[in-house]
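J.: sequence and predicted model, in that order:
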Amino acid sequence: MLKRSHNCGELRNENAGQEIVLNGWISKRRDHGGLIFIDLRDRYGKTQIVFNEELHEDAYKQIFRLGLEDVIGVKGVVVARPTEAINSEMPTGEIDVEVREIHVFNEAEPMPFNVNDRNSASEDHRLKFRYLELRTKELQANLKLRHESAQITRQFLHDEDFIEVETPVLMKSTPEGARDFLVPSRLHEGKFYALPQSPQTYKQLLMVSGFDKYFQIVKCFRDEDFRADRQPEFTQIDIEMSFIDQEDIIDLGTRLTRKLWSETINAELPEQFPVLNYYDALEMYGNDKPDTRFGMELQEFSEFVQQSEFYAFKSVLDNGGRVKAIVAPACAKYSRKIIDELTNFVKQYHNAKGLAWMKAGDNVLEGGISKFFPETIQKDIIENCKVNEGDIVFIIGDDAKVVFSALSALRLEIAKRENLIDPNVWAPLWVVDFPLVEWNEDEKRWDALHHPFTSPNFKDMDKMDSNPGEVRSLAYDIVMNGYEIGGGSIRIHSAELQAKIFTILGIGDDEAQEKFGFLMNAFKYGAPPHGGMAFGFDRIVMLLANCTQIRDVIAFPKTTSAISLMDESPANVDEKQLQDLHLEIIRAKS
């Protein structure tokens with residue numbers, strides 16, 4: 001075996017004259033009659049190696065039977081390239097290696113796709129051969145960035161006196177907002193473990209145990225609908241601290257985020273991130289994870305509607321709905337076809353009943369629903385909403401949730417169409433003052449917006465009985481460029497307050513004991529004030545790598561339908577395994 005002395009990204013001019021050994025994959029081949037040039041690749045880079053028929057005939061003859069992606073080892077001498085042959089785009093572009101000896105480790109069959117061009121195959125095809133896609137330059141760089149981010153995180157938290165503790169993967173099923181993945185027990189018939197949606201209860205128990213600063217980079221599992229930035233299994237930077245308040249967590253989270261951005265991509269974030277109230281975030285941007293790199297904020301339109309003759313929107317207001325608008329700059333150029341496309345977009349994906357519009361001309365609004373707004377009201381709209389000539393005003397009237405969802409999505413869609421987003425800008429912020437609970441209309445009950453252990457804001461305790469929906473929580477999210485990259489809360493550590501929250505949520509004593517008894521019992525023995533947060537590690541790396549989906553920063557991801565095309569999971573199991581687990585498959589009737 002030819003054991004490498006150097007990697008394929010390492011050799012430079014100063015190595016000229018040295019005898020070296022390289023191992024790697026054949027990435028590219030060029031035949032110049034008597035001279036064959038090969039780019040040899042490993043994860044560190046590429047080196048051009050040369051087979052010269054006149055100087056080393058035995059090695060030259062062997063290369064003819066080899067193809068792309070064959071794995072070889074070569075021994076040779078480093079030679080400096082002539083000035084005119086230097087490739088400034090390759091770190092090793094100043095040198096070649098003249099091959100004297102070659103050893104073939106493995107010959108590859110023809111490739112299912114070109115690993116030098118990741119876009120040469122569809123994503124599904126690449127996922128089927130993920131182990132080959134991982135050879136591509138992009139994914140190798142992404143996984144290296146992921147590794148570096150994990151090391152920076154660990155070192156930062158170590159320096160802050162945190163202790164990394166591993167918590168169980170097999171645990172009790174507890175309601176945390178999404179469906180659990182269940183694991184049947186062979187030894188205990190009819191009983192199940194759950195895979196953790198997060199280590200929430202365990203990290204709180206660690207606070208009771210006296211580990212006042214805990215973290216782990218941990219796998220979590222949620223059986224939910226998926227999209228580009230979600231996976232059934234994902235990774236969190238999980239953090240919990242004792243004897244702290246909300247400002248302490250925000251300070252720590254800010255410093256960790258700044259550290260990651262600075263040390264991985266050399267981006268300097270501000271020392272303090274803006275803090276936005278949850279309700280202000282909704283009113284200004286339509287959602288609680290706003291992209292603030294551009295304007296086009298939501299405008300209140302109710303007052304103008306009340307003075308208009310547009311009765312469809314007046315009816316919305318009379319029934320407790322909302323009417324809001326966005327002003328799209330320089331978009332009066334939009335044809336009716338484009339406006340219809342945007343209308344279908346908010347209807348199909350965000351349940352809006354329609355999309356009203358008016359175009360701004362010379363100090364007047366034209367087209368769409370403008371005829372329902374007298375000239376004096378039009379002037380008020382132009383002045384108060386800062387409408388310029390050539391802009392278009394888009395308006396939606398509906399239930400508040402629909403209005404916020406549709407306009408926030410429309411805002412982003414137009415920003416992308418009009419290139420309003422600077423990809424080189426980072427806009428971090430914290431969102432605070434989330435509601436403690438939200439009303440579940442289907443079940444006619446209050447649900448915890450985050451989880452049942454989130455502490456209410458102590459300034460709102462007087463509303464707990466009279467109007468729980470107006471009680472703010474001590475919960476917080478960190479947002480980057482429209483992505484929620486982390487969130488957490490101050491926890492309840494009082495058994496009395498926890499019991500009150502369970503009552504509001506309609507969780508009786510027996511149910512609370514069954515689901516959370518081990519945690520509540522632990523709190524009886526001296527629970528410190530505590531709180532924490534979890535960062536979405538995959539999502540952070542996705543942003544740092546300038547990717548648009550987290551599959552590109554996970555070694556072996558699943559599709560949006562939670563399937564692994566490579567190993568074909570989930571898969572059937574044999575009848576014996578089912579019997580051992582006391583399970584029977586009941587097929588749905590076709």
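T.: Great, that's in hand.

J.: and the strands in the stretch 51-200 of the chain?
T.: 71-80, 95-106, 163-164, 182-184, 192-194 (DSSP state E, counting those that start in this stretch).

J.: mind giving me the packing neighbours of the first one?
T.: Which is strand 71-80. Contacts defined by 3 or more C-beta pairs under 8 Å, 6 or more residues apart in numbering; DSSP states H and E place strand 71-80 against strand 19-31, strand 95-106. Placement of C-beta: from N, CA and C, glycine included.

J.: under the pLDDT cut-off, which ranges of the stretch 201-350 of the chain? List them.
T.: 226-229 (pLDDT under 70).

J.: just the strands in it please.
T.: In order along the chain, the stretch 201-350 of the chain carries the following strands (DSSP E, counting those that start in this stretch): 213-221, 233-242, 275-277, 299-300, 322-328.

J.: returning to what we had before: can I get the helices and strands packed on strand 71-80 in a markdown table with distance to Glu247?
T.: As requested, the helices and strands packed on strand 71-80 are arranged in a markdown table below (distance: least, C-beta to C-beta, whole Å):
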| stretch | distance to Glu247 |
| --- | --- |
| strand 19-31 | 51 |
| strand 95-106 | 55 |
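
J.: out of those, which gets nearest to Asn481?
T.: Distances from Asn481 to each of the helices and strands packed on strand 71-80 were compared by C-beta to C-beta, and the smallest falls on strand 19-31, at 34.3 Å.

J.: which parts of the helix or strand of the chain with the lowest mean pLDDT are buried?
T.: Of all the helices and strands that make up the chain, helix 509-523 has the lowest average by mean pLDDT, DSSP states H and E, namely a mean of 84. Residues of helix 509-523 classed as buried by neighbour count (16 or more other C-beta atoms under 10 Å): 512, 515-516, 519-520, 522-523.

J.: what is the nearest of those residues to Ile72?
T.: For Ile72, the closest of the buried residues of helix 509-523 turns out to be Leu519, at 57.6 Å, with distances computed as C-beta to C-beta.

J.: dump the residue contacts of that closest one.
T.: Leu519 makes contact with 201, 204-205, 453, according to C-beta atoms under 8 Å, 6 or more residues apart in numbering.

J.: secondary structure element for the residue nearest to Phe345 when sequence neighbours are not counted?
T.: Residue nearest to Phe345 in three dimensions, not counting chain neighbours: Glu413, with 6.2 Å by C-beta to C-beta, 6 or more residues apart in numbering. Element membership for Glu413 (DSSP states H and E) is helix 400-417.

J.: helices or strands next to that helix in the packing?
T.: Where contact means 3+ C-beta pairs under 8 Å, 6+ apart, helix 400-417 is packed against helix 278-285, strand 322-328, helix 336-350, strand 392-398.

J.: for Gln579, which of those is the nearest?
T.: Comparison of the helices and strands packed on helix 400-417 against Gln579 by C-beta to C-beta identifies helix 336-350 as nearest, at 45.1 Å.

J.: parallel or antiparallel, list what pairs with whichever helix or strand comes after that closest one.
T.: Along the chain past helix 336-350, the next helix or strand (assigned with DSSP H and E) turns out to be strand 356-360. Within its sheet, strand 356-360 is paired with strand 365-366 (antiparallel), strand 392-398 (antiparallel), according to DSSP bridges.

J.: hey, which of those strands is tucked in deepest?
T.: Greatest average neighbour count among those goes to strand 392-398 (a mean of 26), per mean count of other C-beta atoms under 10 Å.

J.: for that one, list the C-alpha coordinates in CSV.
T.: Taking only C-alpha atoms (Å, rounded to 0.1, in the frame of the first residue of the first chain), the coordinates of strand 392-398 have been written out as CSV:
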residue,chain,number,x,y,z
ILE,A,392,-48.7,49.7,-6.0
VAL,A,393,-50.8,49.2,-2.9
PHE,A,394,-51.9,45.7,-2.1
ILE,A,395,-54.7,45.2,0.5
ILE,A,396,-56.2,42.2,2.2
GLY,A,397,-59.2,42.1,4.5
ASP,A,398,-60.0,38.9,6.4
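
J.: run the angle between that strand and helix 336-350 for me.
T.: Computed by axes from the mean of the first three to the mean of the last three C-alpha atoms, to 10 degrees, the angle separating strand 392-398 from helix 336-350 equals 30 degrees.

J.: just to revisit the earlier point, closest to Ile26 out of the helices and strands packed on helix 400-417?
T.: helix 336-350 (46.4 Å).

J.: follow-up on the earlier one: distance to Lys144 for the buried residues of helix 509-523 - can I get that in a markdown table?
T.: Written out in a markdown table, the entries for these read as follows (distance: C-beta to C-beta, whole Å):
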| residue | distance to Lys144 |
| --- | --- |
| Ala512 | 46 |
| Lys515 | 42 |
| Phe516 | 41 |
| Leu519 | 39 |
| Met520 | 44 |
| Ala522 | 41 |
| Phe523 | 43 |
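
J.: which elements pack onto the helix or strand that the helix holding Glu413 is followed by?
T.: The first helix or strand that comes after helix 400-417 along the chain, using DSSP H and E, is strand 428-432. Strand 428-432 is packed against helix 246-265, strand 275-277, helix 278-285, strand 475-480, with contacts defined by 3+ C-beta pairs under 8 Å, 6+ apart.

J.: what residues sit buried inside the second one?
T.: By neighbour count with 16+ other C-beta under 10 Å, strand 275-277 contains the buried residues Leu276.

J.: so which elements touch that strand?
T.: By contact count (3+ C-beta pairs under 8 Å, 6+ apart), the secondary structure elements abutting strand 275-277 are strand 428-432.

J.: run the chain-centre distance for the helix or strand following the strand it packs on.
T.: Using DSSP H and E, the helix or strand that directly follows strand 428-432 along the chain is strand 437-440. Centroid displacement of strand 437-440 relative to its chain, using C-alpha atoms, centre = their mean, to the nearest Å, is 26 Å.

J.: buried residues, strand 437-440. List them.
T.: Those would be Val437, for strand 437-440 by 16+ other C-beta under 10 Å.

J.: Val305 touches Lys324, doesn't it?
T.: No: in terms of C-beta atoms under 8 Å, Val305 does not count as a neighbour of Lys324; the distance is 10.2 Å.

J.: comparing the two, which residue is more hemmed in?
T.: A direct count of neighbours by other C-beta atoms under 10 Å for Val305 and Lys324 places Val305 higher, at 25 against 22.

J.: follow-up on the earlier one: spatially, which two of the contacts of Leu519 are the most separated?
T.: It's Leu205 and Phe453 that sit farthest apart of the contacts of Leu519, by C-beta to C-beta, at 11.5 Å.

J.: who's more crowded, the two?
T.: Neighbours were tallied for Leu205 and for Phe453 using other C-beta under 10 Å; the higher tally belongs to Phe453 (22 against 19).

J.: and the closest residue to the more buried one other than its chain neighbours, backbone torsions?
T.: With C-beta to C-beta, 6+ apart as the criterion, Phe453 has its nearest non-adjacent residue at 4.9 Å, and that residue is Arg491. Phi and psi for Arg491, reported as degrees, to the nearest 10, are phi -100, psi 160.

J.: contact partners for the closest residue to Leu55 other than its chain neighbours?
T.: Distances taken as C-beta to C-beta, 6+ apart place Glu98 nearest to Leu55, at 6.8 Å, with adjacent residues excluded. Each residue near Glu98 by C-beta under 8 Å, 6+ apart is listed here: 49-50, 52, 55-56, 76-77, 79.

J.: fine, thanks again, bye for now.
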